[in-house]
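Asker: can you look at this prediction? I've put the sequence above it.
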Amino acid sequence: MIASRALLPDLDALDPNELKALIVSQHELIVSRDSEIEQLKLLIAKLRRMQFGRSSEKLDRQIEQLELRLEALQQNDTEKVAALPEPIASAERAARPVRRPLPAHLPREERTYLPKQEACPDCGGELKHLGEDVSEMLEIESIRFKVIRQVRPKLACGCCDRIVQAEAPSRPIARGVAGPGLLAHVLVSKFGDHLPLYRQSEIYARQGVDLDRSTLADWVCGTSQLFEPLVEALRRHVMAAQKLHADDTPVPVLAPGNGKTKTGRLWTYVRDDRPAGDQTPPAVWFAYSPDRKGEHPQAHLSKFQGTLQADGYAGFEQIYETGRIQEAACWAHVRRKFYDLEVAHKSPVAVEALRRIGELYAVESDIHGRSPEERREIRNARSRPLLQSLKQWLEETLVKLSKKSDTAMAVRYALGRWEALLRYCDDGHLEIDNNAAERSLRAVALGRKNYLFAGSDRGGESAATIYSLIGTAKLNGIDPESYLRNVLSRIAEHPINRIDELLPWNLDADLAEG
């Protein structure tokens with residue numbers, strides 16, 4: 001623990017060697033604290049990569065506790081350094097990472113501070129400009145509402161009494177009072193930043209604007225209906241891929257009449273071939289269903305032809321049986337089963353399995369972004385021998401295990417999907433796992449924790465629509481709020497046969513200019 005000012009010895013009485021020793025000891029304590037902070041950051045990042053689905057509820061609590069611990073450490077660190085005498089505090093500040101410059105794209109407000117003296121305080125002579133010191137401070141303004149008054153003058157002809165007037169500007173929601181920017185902010189706050197509508201209502205009330213939760217809910221429903229043609233264009237783009245990532249997650253939905261909740265599903269389908277060097281814009285399409293019956297993904301994928309990277313969900317089996325869609329299994333799911341065993345039981349089999357699977361991922365790290373041809377060639381040269389050795393080891397290990405043990409179940413899971421797990425070696429377009437789909441569902445998992453349930457099946461469909469647009473904007477490196485604001489300002493009057501023009505990558509230049 002860093003000593004406070006009250007506990008420090010009289011610095012003036014210390015000789016230089018003693019002072020140096022004191023500074024070194026205090027520095028070592030802070031370095032130790034910095035090391036703990038960095039370890040916490042790494043652990044939080046690792047847990048966030050694992051955070052997914054209903055089984056992550058315990059993980060969520062762990063992350064929350066680690067975040068609180070990290071925040072407390074960082075705050076305590078700052079307070080302790082501030083309490084040190086200036087020579088020691090200055091040395092500790094200098095040892096910290098250099099502060100990054102403030103973003104150049106932010107607007108600058110210049111304030112000039114002139115000295116109180118109008119003449120030289122020594123001789124009374126005239127003061128001349130010698131130079132200046134410039135520093136910058138980051139500031140934020142509260143949400144600022146404004147009212148746009150749309151005035152349409154009526155003009156009359158003095159000869160024939162003809163009256164002319166401009167047409168009323170279109171609004172995103174007919175007769176609605178919300179502008180495109182406000183609607184975009186509400187949508188991204190709820191579905192991007194996981195802020196429920198009732199909390200948004202409370203925030204706006206502090207600004208003196210009374211927006212009832214039911215009003216905000218009407219806006220969410222109205223905008224989702226407005227976006228339907230755009231999301232249909234997005235779906236067509238996703239389904240035109242040769243390879244898709246697919247997954248689903250539960251969503252509690254309020255059942256009508258009894259006040260209880262049922263379990264709906266959000267399905268995600270991701271098109272992202274950037275790891276294989278493809279420049280086609282990535283996209284994600286979400287779909288809602290009131291249950292998890294296999295008929296839903298079968299309907300979603302009715303026109304898709306290619307390879308589906310997914311988990312072992314039984315509902316996909318009928319899709320694979322047609323031969324129109326090939327299965328590519330997920331090595332992350334295999335690894336996760338052994339990881340859970342290693343954490344729970346320190347199983348030697350799990351440790352060895354994780355080591356071997358880690359070698360496969362090391363190859364993937366080396367070939368990320370290369371062409372499909374290069375990826376296939378390198379995988380066949382480096383990964384396939386590792387896979388052959390892994391399969392032989394799994395088969396030899398299985399006969400030594402109790403048939404009902406968790407370890408045996410993990411081994412059988414891998415061997416039972418071996419052909420699908422091997423498929424990524426034959427096709428350089430494929431990935432080793434289905435993490436692209438799992439990443440797309442993390443926003444749903446975080447949001448589900450905050451707003452608890454969707455109000456109805458229609459609410460689930462609205463959520464799927466907004467998640468599709470926000471998720472796709474993020475995949476393309478575009479700010480979701482800016483994108484939705486731009487779309488909402490145009491879509492009411494945009495020709496339906498040119499709806500593709502409003503997809504995120506087609507508005508990228510306009511958003512950059514804005």
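Answerer: That came through, no problem. Numbering: from 1, shown residues only.
Asker: all strands of the stretch 151-300 of the chain, in order?
Answerer: Under the criterion DSSP state E, counting those that start in this stretch, the stretch 151-300 of the chain carries strands at the ranges 155-156, 163-164, 243-254, 261-271, 283-289.
Asker: quick one, which of those gets closest to residue 43.
Answerer: Across the strands of the stretch 151-300 of the chain, residue 43 has its closest neighbour in strand 243-254 (24.1 Å, C-beta to C-beta). Every residue, glycine included, has its C-beta placed from N, CA and C.
Asker: buried sites along that closest one?
Answerer: When neighbours are counted by 16 or more other C-beta atoms under 10 Å, the buried residues of strand 243-254 are found to be 243-249, 251-254.
Asker: now for the residues you listed, which pair is the farthest apart?
Answerer: Spatial extent of the buried residues of strand 243-254 (C-beta to C-beta) is set by the pair 243 and 254 at 36.3 Å.
Asker: identify the residue nearest the geometric centre of this protein.
Answerer: For the chain, the residue nearest the mean C-alpha position is residue 443 (6.2 Å; C-alpha atoms, centre = their mean).
Asker: wait, a strand at it?
Answerer: No: residue state for residue 443 (DSSP: H, G, I helix; E, B strand; the rest coil) corresponds to helix; a strand is not indicated.
Asker: could the strands of the stretch 151-300 of the chain go into TSV alongside distance to residue 17?
Answerer: Formatted as TSV, the strands of the stretch 151-300 of the chain follow (distance: least, C-beta to C-beta, whole Å):
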stretch	distance to residue 17
strand 155-156	90
strand 163-164	91
strand 243-254	62
strand 261-271	63
strand 283-289	63
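Asker: now render the ones you listed as JSON lines, adding distance to residue 403 and mean pLDDT.
Answerer: Putting those into JSON lines (distance: least, C-beta to C-beta, whole Å; pLDDT from 0 to 100) gives the following:
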{"stretch": "strand 155-156", "distance to residue 403": "88", "mean pLDDT": "91"}
{"stretch": "strand 163-164", "distance to residue 403": "86", "mean pLDDT": "92"}
{"stretch": "strand 243-254", "distance to residue 403": "30", "mean pLDDT": "90"}
{"stretch": "strand 261-271", "distance to residue 403": "32", "mean pLDDT": "92"}
{"stretch": "strand 283-289", "distance to residue 403": "36", "mean pLDDT": "96"}
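Asker: quick one, which of those strands gets closest to residue 316.
Answerer: With respect to residue 316, and counting by C-beta to C-beta, the nearest of the strands of the stretch 151-300 of the chain is strand 243-254 at 7.7 Å.
Asker: show me what the closest one is packed against.
Answerer: strand 261-271, strand 306-309, helix 435-451, helix 457-475 (3 or more C-beta pairs under 8 Å, 6 or more residues apart in numbering; DSSP states H and E).
Asker: next, count neighbours for residue 370.
Answerer: The local packing count at residue 370 equals 16, with neighbours defined by other C-beta atoms under 10 Å.
Asker: no, scratch that, I was asking about residue 499
Answerer: Once other C-beta under 10 Å is used to define contacts, residue 499 is seen to have 16 neighbours.
Asker: that one against residue 229, yeah?
Answerer: Yes: the pair residue 499 / residue 229 is scored as a contact, 5.0 Å apart, by C-beta atoms under 8 Å.
Asker: weakest of the helices and strands packed on strand 243-254 in terms of mean pLDDT?
Answerer: Comparing the helices and strands packed on strand 243-254 by mean pLDDT, the weakest confidence falls on helix 435-451, with a mean of 82.
Asker: convert that helix to CSV, retaining C-alpha atoms only.
Answerer: Below are the C-alpha coordinates for helix 435-451, written out as CSV (Å, rounded to 0.1, in the frame of the first residue of the first chain):
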residue,chain,number,x,y,z
ASN,A,435,-17.1,-17.3,-33.3
ALA,A,436,-18.4,-14.7,-35.8
ALA,A,437,-22.0,-15.8,-35.0
GLU,A,438,-21.3,-15.9,-31.3
ARG,A,439,-19.8,-12.3,-31.3
SER,A,440,-23.0,-11.1,-33.0
LEU,A,441,-25.1,-12.4,-30.2
ARG,A,442,-23.2,-10.8,-27.3
ALA,A,443,-25.2,-7.6,-27.7
VAL,A,444,-28.4,-9.6,-27.2
ALA,A,445,-27.0,-11.3,-24.1
LEU,A,446,-26.0,-8.0,-22.6
GLY,A,447,-29.4,-6.4,-23.5
ARG,A,448,-31.4,-9.3,-22.2
LYS,A,449,-29.8,-8.8,-18.8
ASN,A,450,-31.0,-5.2,-18.7
TYR,A,451,-34.5,-5.2,-20.2
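Asker: follow-up on the earlier one: switch the helices and strands packed on strand 243-254 over to TSV; also include distance to residue 489.
Answerer: Formatted as TSV, these follow (distance: least, C-beta to C-beta, whole Å):
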stretch	distance to residue 489
strand 261-271	27
strand 306-309	36
helix 435-451	24
helix 457-475	15
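Asker: residue 14: which of these is closest?
Answerer: Taking C-beta to C-beta, helix 435-451 is the member of the helices and strands packed on strand 243-254 nearest to residue 14, at 52.2 Å.
Asker: tell me what that closest one is packed against?
Answerer: For helix 435-451, the elements it packs on are helix 180-191, strand 243-254, strand 261-271, helix 457-475, judged by 3+ C-beta pairs under 8 Å, 6+ apart.
Asker: out of the ones you listed, deepest packed?
Answerer: Between the helices and strands packed on helix 435-451, the one whose residues have the most neighbours on average, counting mean count of other C-beta atoms under 10 Å, is helix 457-475 (a mean of 24).
Asker: kindly export that helix (C-alpha atoms) in CSV.
Answerer: The C-alpha trace of helix 457-475 is given here as CSV (Å, rounded to 0.1, in the frame of the first residue of the first chain):
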residue,chain,number,x,y,z
ASP,A,457,-43.6,-11.6,-30.4
ARG,A,458,-43.9,-8.4,-32.3
GLY,A,459,-41.4,-6.9,-29.9
GLY,A,460,-39.0,-9.8,-30.7
GLU,A,461,-39.3,-9.1,-34.4
SER,A,462,-38.6,-5.4,-33.9
ALA,A,463,-35.5,-6.3,-31.9
ALA,A,464,-34.3,-8.6,-34.7
THR,A,465,-34.7,-5.8,-37.2
ILE,A,466,-32.8,-3.2,-35.1
TYR,A,467,-30.1,-5.7,-34.1
SER,A,468,-29.6,-6.5,-37.8
LEU,A,469,-28.9,-2.9,-38.8
ILE,A,470,-26.8,-2.0,-35.7
GLY,A,471,-24.8,-5.2,-36.0
THR,A,472,-24.1,-4.7,-39.7
ALA,A,473,-23.0,-1.0,-39.2
LYS,A,474,-20.6,-2.1,-36.5
LEU,A,475,-19.1,-4.9,-38.7
